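Enquirer: predicted coordinates and the sequence they were generated for:
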Amino acid sequence: MNGIVFSLVAITAVAYAQTPSKNDERYFDQRVAPILIKRCLGCHNQELNDGGISFLDRETLLKGGSRGPAVVPGQPEISVLIHAVRHDGEFKMPPGAKLPSRDVVTLTEWVKRGAPWGTKLRIANK
Ligand code: HEC
């Protein structure tokens, strides 16, 4: 009996985790998208596609470039993007000045939350 109750809780938790909540969408649109638009989108867009990633398309981030997945949802520590903005290895993004640390914190929190997407960054015809 206990086992059944336990699995129901587990299934509910998984279903919940996969449904993007309004809060997550808002977090992306209000906190994350402005950073990406201002600091990354100029190079990482559908036309230039630098490094094989575009910030108009979440899927290209999950796939990543030559260094592996740029974003691993829930796991900032193995996400190339997070190491890049922390400047903690050889590969640094954006090129030039490092992001303010509060932006690095925001991006890390976003990946930790599963890298939810919102409505602000979209390919026009998708
Ligand atoms: C001035 C242009 C420019 C800007 C601005 C820029 N990037 Fe890049 N990015 C590049 C180029 C060029 C590459 C490919 C470099 C390489 O492979 O060595 C790249 C590659 C990447 C990669 C893929 C690494 C791989 O090869 O797997 C990630 C992740 C990344 N950038 C994240 C970011 C983030 C996050 C921002 C904003 C905070 C940003 N970039 C801003 C030019 C830019």
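Expert: Looks like it came in fine.
Enquirer: next, the residue of the chain found nearest the ligand: secondary structure please.
Expert: As assessed by Cβ to the nearest ligand atom, the ligand sits closest to residue 51 within the chain, at 2.4 Å. (Each C-beta comes from the backbone N, C-alpha and C, glycine too.) Recorded secondary structure, residue 51: helix (DSSP: H, G, I helix; E, B strand; the rest coil).
Enquirer: how about the one 5 residues further on?
Expert: For residue 56, the secondary structure call by three-state DSSP comes out as coil.
Enquirer: number of nearby residues for the closest residue to it other than its chain neighbours?
Expert: In this structure, residue 56 finds its nearest non-sequential neighbour in residue 123, 5.0 Å apart by Cβ to Cβ, 6 or more residues apart in numbering. Counted with other Cβ atoms under 10 Å, the neighbours of residue 123 add up to 10.
Enquirer: surely residue 123 touches residue 58?
Expert: No. Under the criterion of Cβ atoms under 8 Å, residue 123 makes no contact with residue 58, lying 10.3 Å away.
Enquirer: now stretch 95-109: average pLDDT?
Expert: Mean pLDDT, stretch 95-109: 97.
Enquirer: can you tell me which residues in this protein are near the ligand?
Expert: 39-40, 42-44, 50-51, 53, 64-67, 70, 80-81, 84-85, 93-95, 99 (Cβ under 6 Å from any ligand atom).
Enquirer: looking at those, which are in helices?
Expert: The members of these that map onto helices under DSSP state H are 39, 80-81, 84-85.
Enquirer: can you list those residues in JSON lines and add pLDDT and distance to residue 33?
Expert: Listed next are those as JSON lines, based on pLDDT from 0 to 100; distance: Cβ to Cβ, whole Å:
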{"residue": "39", "pLDDT": "96", "distance to residue 33": "11"}
{"residue": "80", "pLDDT": "97", "distance to residue 33": "20"}
{"residue": "81", "pLDDT": "97", "distance to residue 33": "14"}
{"residue": "84", "pLDDT": "97", "distance to residue 33": "18"}
{"residue": "85", "pLDDT": "98", "distance to residue 33": "15"}
